[in-house]
Every structure is written in C-alpha cells, then in structure tokens.
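Colleague: just coords:
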C-alpha cells in the first residue's frame, strides 16, 4: 500500500530492456547517436510536428529550471501558481538557473491560476519602469500540484493572454501523460497547438528511471544553443545520452506511456472511491489524474498508516495519496480492508 | 577502432543486471532505500573508513561543481591546473555553482600543478586584502587531463601545503580507478589518508551508465546539508536514487571497477606501443592510465582516421587516443594493421 | 508643490559644507581616514553602543541587498512584507546579491507583517526537508512602505519570534529617522535593543546626497569581512569613502537628521489635513511619517496635478504624497489653494 | 609625499562648486533632471557624437562589471590582460555581475595584450563546441595596469580583430584622461572611432569625488534598457543622480579633466626623473601617464618611506608611485631631498 509518491515506483520492464538494447557497442557521446535520433523521431510522431528541438535530462527540477532560464532573464520574472512545483518544491532552482530572476506567485483553486489574477499581473507589466521586475514567462503545470487537469482549451486561453503581452509560455508536464488521458487531448493539442512555447515533459513519474525532455516549439527553437550551453554548465549533459534516449523511446513506443498513465489514473479513482465511501471523508480536490487529495478524520488516517499504507499529509490539511503504473488491485483491496476494519 | 573517449563505451553488463535487481517493487525516493544503503556500505569498505558522507549524481561536471561550491564562496577562488577539466571543459560550471567564484589557473607539466607555482599562489593569499580574491580550495585531478597519474605521496604533499593555508583539498577523480591501478595506491591512500577533504569519484568512464559520487571526508562532512540543498536546487537529486546506487555497487563489488580500469590501462599501453613503433611518432605525455597523447605525422593521422580509427586532435598539437574497459584486442590489431598499411 | 518623493529634495547645506571640510588634502582610500573614523564615532553616540561594525554606500537598494546576502544563503529565504521595498522596488537586488535566494512574502495591513502569518511562516521552517526553501532572515521596514511606523515594542516582539527560530533580524530603515521622531523611540531602542541584528540606515531620504549605512550589531559583526568582500565585488567600496562619511557626520551631529525628519513629518500631517478637509477624501493609511496615502476623487487629483502639484497614484488605488525636509509652508499653502479653487 | 594612489587625492574645487549649484531646489529623481541633461550634452561635445547612450555610477568596479555583463552572457568569456583591473582588483565583480561568466587571461608586456596571444584566443572561439566557454568581449584598459598607454591606432587594430570574430569591444578608461593627454588622441579617436563599443570612462581618479560613466556607442546602444535594469538591481541607480552629473560636467567643461590629467602626468615624469637619477634605479615600465613603476634598491625604498613618502610595492617586485592632479612641486622637491639625503 505505497501511495507515497509515483517516484517510489520501479521502472517499467520495457525501460530496462531498452537500456540493454541501447548498450550494444560504442556510440558517440552527448547525443550524436542513433538511439537519441530514434527518440527524436518518436517525439516527432507523438507531437505530430517536426518543428521542435529537444534536450533530455534526468531531473524534472533541472528541466524546468533550464527551460525557464532560457526565457526569463535575471532581471525578469516568471508568473506561476503559488503552489507550483517550481515555486514550492525545487529549493530555488529557477532563481539559481536564471541568475536571480523572480517567481511572481498567483492564486487560484485546484492549482490552476485564477484568470483575474493572471490578467491583473499581465496588465501591470511595464518594461519601461525600471524599478519593478517585469514578467517574461507564464508557467503552467498540468497536472496541477493539486492533481487537477487543465483542459487544452484552458491552456490555449491562458497562452493567448500571455502572448498578447509577449510572454513565453512554459508548461511543466511532469505528469503530462496523466493530464492527457484525463482530458482526452492529444500531446499536440496540449502543447504547441495550445500555444505552449516550451514544454518540460516528464516520463520519470510515468515509469522511467529518470527521463525528462525539454521541447522547444517553433520560434522558441532559437534558444537551443543557449539551452545546451546552460545544460552543459549545470551538469545536465550526460555523455552517455543514449541511456536517457532509450528510456524515452521505450515509453513512447506504441503508446506505453499513456497506457501506464491510464492505469495510474484508474487506480487513483479507485482509491478515491474506497476512501469516500467512509462517512466524514471528502475529496479536497477533484481527482483528474493519479493523485488523490482527501480530507480524512485523523483516526482513520492513523488507522490506515498503522495498517501499512504509505501516504503524506499535505500543507492544506488534507492527505495526498498517489498511484503509479504499478499500483495493484491487491493494494487497493488492502486499502479497502484497512478502511473497513473496526477501529 | 573507437579511441574517441571512454564515454563512448557501453556500460558493463553487471550494471544492467544491478538495475534490474534494484527494480524490485517500490522503494523510498531520494536515497532512503536499501539499494542506496548498500552502496554506502560498499564505499565504506572500498575506502576503509566510515568517517564520510556521500552524494551521488549522474554527471561528473555537476559532482565537481557541487563539491567546489560547498567550499569556495562567491568571493573566493579555486586553485587548479590551467588544463583542468573544471577550467577548460565544463563551460563555467564552477563559476555558476559557486555564484561567481574564480578559478586561479596554475601551470605545470603532465597536467600536474607545478609546486613552485602552487607555493607562490598559496603565499599570495591575503584574506585581509579585500580587493583580491583569496583561494579557498586546491583542486587536483587524477588522472590528470594529460593522462598522467599523481602518486598518492604527491597528493599528500600538495594537500599538506594547502592545509597549511587553510584550503580545502578537492580531488577530481573522474578517472580515479585508472590512477589507482597505475600507481598501486589504495583508494584510502589516494584520498583521505593523503589529506583529500572532498573527492568526486567517477564511475561513468570506468563502466557505469552515469554514476559519480561526491565523498566528504572527516571535517568536510559538516557540509553535507549544504551539499544536499545545492544538489536539490541544481537538479541533481534524482527521486529514483536507487538506480544510481545500483550502478555504484555493481562496479565496486569484488573490485570490478579496478579490473575494468586495469584492462583500459593495458589497452592504452598497447596502443602506445603500436604507435611508437613508427618512425616520427612519440609520446606527448607519459601513458599512466587509459589515455594516450601522441605526436603523429599528419599523414599517419589521416591514414588512421581513413581506416576508421576514431580519435581527436588535442589543443597542444598532439592527438589523444582513449581506451575503455571494452577496448578489444581486435581493435588494437586493427590499429596495428592500419599503422602498418602502406600509405 | 513637489510631493513626488523625498529623493527629489536637494541635500541639506550642512552636507555640502561637510564635503568641503572633508576635502582638505589627501586622505587614505577605502575608509582608513579620519573623516570615516569621525562618522563611526558619531554612530556610536547616536546608537549608544560600541558593539557594532559598519559599512557605508550610496544606495539604499545596495545596502539592503548587501545586508541580506550576508545572512541569507543562496539556498535560503527572507521573510518580508509583500509590499516591502526589497520585494517590489529593487528589481530583484536581493535575489541577485544572495545568489538566487528567495523572498517569502507575507501579508499585513499598514505595510506591517501580520503576526499570524509570521508565526505560520516561522512554524513551517524545516531545515531537514531539503525540497523547500527555509527562511533565514526576517526583514522589517520602518517606516513601512505604507508610511506607517512600527513602534520599537513591535519590532522587539517580532524579533524575538524570529530569534526563537534562529533567524537573523534585518531592519530596512530607509526612513528610520521619520519612524523615530514619530514613535519617540531612540535609535538604540528601535535597533539593537529591539533585537535588530543588521540595520540598513538611510540618510539619503532624510537630506543627504546619497548615504546609507549598514550596521552590524553584536554577533552579526562576525559577518564584517564577508560584507566588505561583497561590497567590493558589487562596486560598493568607494575609494574616496570620506565623502560618504562626511555626509553621515553632518546629519548625525546635533540631531540634525531628526530635526529634518521632524519637519518632513510635520509637513505630511499638514498635507493630510489640507486634503482630508475635502468631502470624499480620506486617508488610505495612517500618516505616521512623511508620506500621505489618500483616496482622492479623480477630479480633485486631476485639478491638483493641473495646478502643478507633483505626486503619483499608488498601486492600491490611492495617491501618495511625500514631504521632505525642504517642503515649505508655501507649498502647503499652494496645495490648500489648489484644493480650494473652484473646479 | 603621497604617491599611494590617485584616489587618495581630494576632489577639485570646481566639483564642489558644481554640487552646490546642482543643489538648487527639487529635481526629478533617477536622471530625469536638467543637470543630468547637461552632462549628456557635455559628453556629446567631448566625444563629438550624439550616437551614444550613457549611465553614470560612483564606482569604477561597478561601471566595468555592468558594462561587461550586458555583453558577456553567463555562458561566455571576456578576453583581457592577465593583470587587468577587472581580473585582479575587483574581487570577482565581472563574474558576479555576469552570472558566472569567465575572464580569459592573456599575457603581454606593459599591461598590453600580446597580439599573438589575442589572435590565438580569437581563433579558438568555437560557439558550436558546447564544452568550452567562447569569448564574447574583448576588454582593453587604457592606461594599462602598468601605467602605459595604448595609442588609438593600437586600440583600433585590436578592435578590428575582435570585431572580425563578432566580439564586443570594451575599454576600461579609469585613467582615460591620462592616456589621452599622453598620446594626443581625442576622446573620439580613442573610443568609438577606434571601434570601442562600450567605454567605462572614469573621472574619479582624475579629480571627481566618485563619477564613472558607461558610454554605449552605436549598435551597443541596444543594451541601454538592460544596462539600466542591471544598474538598478545592483544598487547603481542613485535617486539623486544630479550630484553625479554635476561632477561630470564640472570636469568636462573647458577641458578641466584634461588639464588635471596633464598635471598628474607631468608630476609622474618628474618623479621618474628624480628617482632614475639614482644609481641602481630603473623604470620597470615606461611612464606614459601618472603612474611610475620603478625598480628601487630596498635601502632606498626604506629611506623614502621613512622620510614620509607613501607608495606601495607591486607584485612584480617593483614599486608603484602614483601622482594626481594635486601632486605639488613641494612634494616632488621633498622626494628629491629624501633621495639625496645621506643614508
């Protein structure tokens, strides 16, 4: 009953098989190899475009910070939700990589930015007023940090607002697969077709060992050389790049990544159902993906923990339970049994 | 005939087996798992001490820069060889991670710091003279960037000089294994017993996919919390840490890493012998490890490249050929044949 | 009728006289001169202590950022009011000087931090949770950005809370003189006796050309060497330091600085009275110092501006009028006349 | 007998008079005032162009670092002489302001960059090789740190080489006036006509209190907004800018700055003559400006210091004596007497 995080899950066997396949003999370092070329081809197919450039690294924090640092100068700011991973959970990585840029935090329910707050922040941008820090980037997260999904139309709407003020639009897609299967949008619809300029696309939580991809779409491709230089100097240019690429291809092939996300989402709904069947339990957030935020009586929470369930309290007073591709029927049943057991 | 770099080599099969073994079920994120505990135990045995702390990341550049940034403040400098990897090949990573610290470059043959130059630099340190940047760290590299090995006595001598001036001693051991089997020193003799405070110990070039370990010895352990915070904010805190740890254990167990380094060193000596048998070819540097720096007639270099040998010219006018654990007798023989073929 | 800012005021004649007096012959650079020694003596008398170190620079932004950067590491955060000058008006100076540290913004009326919000932020500090950024400094501002004054007891109360969590307490005193004459507190009571560890004490807005002083009290003195190194590398170590010191001494002597602040505060109350006599005008904030924040009917604001009054709208919808030591009775009367004139 | 530094000199009386004149009543903050406009007009006349933008600050270190940071990205390098002030005497300011950029040090006699070394460094720039840091800026210093003067033709020659490789050309003119009167070049000839893109033009050492001007010429003007933002966030945007501008105008008017530099240079030649008349004394560097670098017998140096002469030993083993606008005949005569006195 491990609902602690989707990063405590193992990697999918197809990933290990792909590593072994990629290990045949020598290959050029730093991405000039056939395995990396195959990953690019897989991404082109998945995103239905060839108008993109990419960089891969093992860390979601790094992929976010690298992406932001190419578009937000040290004298600028990034607009994001006040609960965004980049704001709360990355120990200042965006500030570090950008050379001291700012995050400008916006409120909003379900982890989504409130539109009025966004419009206000955009209206206040004044590049001619040297004393204040103007926003250069809008960063959205899907799934949000509350486990909810923006629909692609919402992304497109916010991106259009941001573009009116010449901002770059970044999407943190650490759980993009979960958002896609939840909303039914295609990867293209949720990214470049919605106006996303730079996407950090995570496969680690979906089932990789550690594989995060930065995608620069369209005019954002002009930043590729800077992105690579920043990746190099931050230690995110692995010489044996093929082993990152192999992970990507293994998951993208035949839609495995979406299948794994679908399983995780389904498990999360089951967890929600099991818990909400109890009097006094209610969802703190809609369950759009693989995360369940519930309000639990303390006694119940203690009982579940005592029964071996792993999950964490959340700063808002709720509890978070996360499912992954490996969450099993047996774990759900064990949770159901623990819920049902007499206190 | 791939002598381009030891990073173009595949990973050793034992590493892939270890990844598979580490993949059994869920495990805590961020290093609180049994696989990581086992790696620590293996390191304790290899380094014959328990008085150390460690951090693992996938990148040698990052491990160097993280280590240096914990001991060199933004207002300070690191003494290193003018050809050191941290100075030449990391695109400013030390300056980035340290917040704008300096590298103070020292000359010396064989990639080793000249003792007179080192003594001069140490003597000029004046913390009371605010206008100039005082050195806080001495960084040595073994193997050096010229493929030569410091003996552990040399390390100890330089470390003692540095400690007299209250510097921290860093050893960049990206090719530590090659230096150990070359000199016969034990890991302990080449590190903490020689006065090394912080070691960045690389296994990637030895045979891992990507596994570099920062070891803080003795009083340097006081920096562990800072090291972790810096690792987090630079994207070098992989959630699925067990897959880094598994690589370390696989290679450290039963001395596999030293065996692989021994094979690479042996191949390098064979390459050197093959080349030096030709008139007009001479070693540019002693071959202490798995790298061969030779002065070749242009015609010969062209012929070898045309025959399919992969290697690069070096800034000093020589050519560099690198061997790895996977360099085969067949490759050596093919090189011999290419050398022997009539122009 | 210039109510635009206290920085549009000229310098007091005593300052120019002091510059001329300081200009007698050569003097050692960088603060090793008699004029600087005299300024230190004046500060010791004003603050009733000798347990302090100091640095002077011409910029309030720099003095804040330098002070914060000595106590907040790149991996840490500064707690401050969401409207604080360091957060809103310094174009990211604290992030720049600290190497990418964060500001954690807290709400509160009158520009004062809300105590509940402060307690909550302090309670959430967890140095062992590497993913989130722990606060290292509490920064207060007096006068606040809303023109209000913390009493020294309030400073002491908040400082005590911060010290319980091992934070350093910083006071941004760009308008310290105005706060002192408003509350009746002595400089000592408002600073080190209240638990302030590091004070940035501004004289520019009081009547200098440009003179801001960083005062390290008690245990904070341990940071003097770091402060000087950071001042040097940020270009805040003027070789002809005596001309900064002369400004300080001129204003501190015989309480001139307090006299000037008293005049500015008095003018502000007169401005407030003149405006509030009109129907539909009300104070947006209490007038504790030399700043008046009023809610004005648009027609009245336009009429005043048309009559030559200089002042600015404020982001909260009010208007800000600032008085300085040089604000004259004639200006107040002109404002009264403009208010009274038929629309 | 103060030959310690030109920064130990007082300011010229005309500067103090200008401050008093600038102090008439209120004036807009941050440079939107008539005094600042007058300084711009004076600069246009002195530099015989209107195709420039400018920023003023009190610090030479800051003006250099601000200028460099607008043209050298964090991933880039600045080529400069190994003894340059930016390399040796600014405690890492260029690295700090640029966000971790590098200085690439080049040798050369008289503090001038050796042309072969420069050509070599330019030839090695490879923006496509991500591992190494490419140079973006060439920084020259005139007077050099050895007190020698580049002729404007030399500047033009080096600038042309740099421009062939798309570098920006920076001139550190902390002692520009001394170089101009020494070589007979006009300000225009020594700057934009020679291909200088960005000039940091110092008046502090010439006779100001603290006044350094950054001049962006031609296409470099595109960086003005970035320069201002960086000035703001580094605390180099004084609200009462008029007092910087007044210093500039006072010195530039009627060629006062050149007259003061001429006097200082003349004194330096006299000092050189006085010293070189002694057996065993020789110039370590040509005396092109107001600095004298001499090789002195230790006994003589000690005797001069004992007689009250102030000057410093230099790292190269020589001694440096610096003259300023205020160096008097009496001081020269006192030096002559001290030299002549029986040991």
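Modeller: Received the coordinates, thanks. In this text, all values refer to a predicted model and were calculated from it rather than measured experimentally.
Colleague: what helix or strand does residue A:140 sit in?
Modeller: Using DSSP states H and E, residue A:140 sits within strand A:135-141.
Colleague: which residue ranges form the strands in the stretch 151-300 of chain A?
Modeller: For the stretch 151-300 of chain A, the strands defined by DSSP state E, counting those that start in this stretch cover A:168-173, A:198-202, A:212-217, A:282-283, A:291-295.
Colleague: still on that earlier bit, now do the strand holding residue A:140: distance to the chain's middle.
Modeller: How far strand A:135-141 lies from its chain's middle: 14 Å, per C-alpha atoms, centre = their mean, to the nearest Å.
Colleague: that one pairs with which strands?
Modeller: Strand A:135-141 pairs in its sheet with strand A:77-81 (parallel), strand A:168-173 (parallel), by DSSP bridges.
Colleague: what is the neighbour count of the closest residue to chain D within the stretch 201-343 of chain A?
Modeller: Nearest to chain D in the stretch 201-343 of chain A, going by C-beta to the nearest C-beta, is residue A:229, at a distance of 4.1 Å. In this view, the C-beta of every residue, glycine as well, is placed from N, C-alpha and C. Neighbourhood size, residue A:229 [other C-beta atoms under 10 Å in any protein chain shown]: 23.
Colleague: who are the contact partners of the closest residue to it other than its chain neighbours?
Modeller: Ranked by C-beta to C-beta, 6 or more residues apart in numbering or on different chains and with sequence neighbours excluded, the top spatial neighbour of residue A:229 is residue D:75, at 4.1 Å. Residues counted as contacts of residue D:75 (C-beta atoms under 8 Å, 6 or more residues apart in numbering or on different chains) are A:226, A:229, A:230, A:233, B:91, B:92, D:101, D:133.
Colleague: how near is residue D:75 to residue C:67?
Modeller: Using C-beta to C-beta, to the nearest Å, one gets 30 Å for the distance from residue D:75 to residue C:67.
Colleague: domain parsing of chain A, as residue ranges.
Modeller: Following automatic domain parsing, chain A resolves into domains at A:13-254, A:256-340.
Colleague: first-to-last residue distance for the shortest one?
Modeller: In this case it means domain A:256-340. 35 Å (C-alpha to C-alpha, to the nearest Å).
Colleague: quick one: contacts for the residue of the stretch 201-343 of chain A closest to chain D?
Modeller: B:91, D:75, D:130.
Colleague: would you confirm that the second one belongs to a strand?
Modeller: No - the secondary structure assignment for residue D:75 gives coil rather than a strand, going by DSSP: H, G, I helix; E, B strand; the rest coil.
Colleague: quick check: residue A:286 touching residue A:109?
Modeller: No - contact criterion C-beta atoms under 8 Å: residue A:286 and residue A:109 do not qualify, at 10.0 Å.
Colleague: more neighbours, these two?
Modeller: residue A:286 (15 against 12).
Colleague: list the contacts of the closest residue to the more buried one other than its chain neighbours.
Modeller: Closest residue to residue A:286 apart from its sequence neighbours, by C-beta to C-beta, 6+ apart: residue A:148 at 5.5 Å. Residue A:148 is in contact with A:110, A:111, A:112, A:285, A:286, A:288, A:289, counting by C-beta under 8 Å, 6+ apart.
Colleague: where's the closest residue to residue A:203 other than its chain neighbours relative to residue A:141, distance?
Modeller: Counting by C-beta to C-beta, 6+ apart, the nearest residue to residue A:203 once its immediate chain neighbours are dropped is residue A:211, at 4.5 Å. Separation of residue A:211 from residue A:141 (C-beta to C-beta) stands at 19 Å.
Colleague: which single residue in the stretch 201-343 of chain A comes nearest to chain B?
Modeller: Counting by C-beta to the nearest C-beta, the stretch 201-343 of chain A gets nearest chain B through residue A:235, at 2.5 Å.
Colleague: quick one: that residue and residue B:65 touch, right?
Modeller: Yes - with contact defined as C-beta under 8 Å, residue A:235 counts as touching residue B:65 (6.4 Å).
Colleague: hmm, back to that, the residue nearest to residue A:203: neighbouring residues, count only.
Modeller: The number of residues near residue A:211, taken as other C-beta under 10 Å, comes to 29.
Colleague: give me the pLDDT value at it.
Modeller: Looking at residue A:211, its pLDDT is 98.
Colleague: which residues are in contact with it?
Modeller: A:56, A:58, A:202, A:203, A:204, A:244, A:247, A:248, A:251.
Colleague: cutoff 10 Å now
Modeller: A:11, A:15, A:39, A:56-60, A:63, A:201-204, A:243-251 (C-beta atoms under 10 Å, 6 or more residues apart in numbering or on different chains).
Colleague: got it, and residue A:161?
Modeller: Residue A:161 neighbours (C-beta under 10 Å, 6+ apart): A:115, A:118, A:119, A:122, A:138, A:167, A:169, A:195.
Colleague: please pick the buried ones from those residues.
Modeller: A:118, A:122, A:138, A:167, A:169, A:195 (16 or more other C-beta atoms under 10 Å in any protein chain shown).
Colleague: now these in CSV, with pLDDT?
Modeller: Shown next, in CSV, are the buried ones among the contacts of residue A:161 (pLDDT from 0 to 100):
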residue, pLDDT
A:118, 98
A:122, 98
A:138, 98
A:167, 98
A:169, 98
A:195, 98
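Colleague: for the residue of the stretch 201-343 of chain A closest to chain B, give me its contacts.
Modeller: Residue A:235 touches A:57, A:59, A:62, B:57-66, B:90-91, B:93, B:96-97, B:212, B:231, B:234-236, counting by C-beta under 10 Å, 6+ apart.
Colleague: what about those residues, which are in helices?
Modeller: Of the contacts of residue A:235, the ones assigned to helices by DSSP state H are A:62, B:60, B:61, B:62, B:63, B:64, B:65, B:66, B:93, B:96, B:97, B:231.
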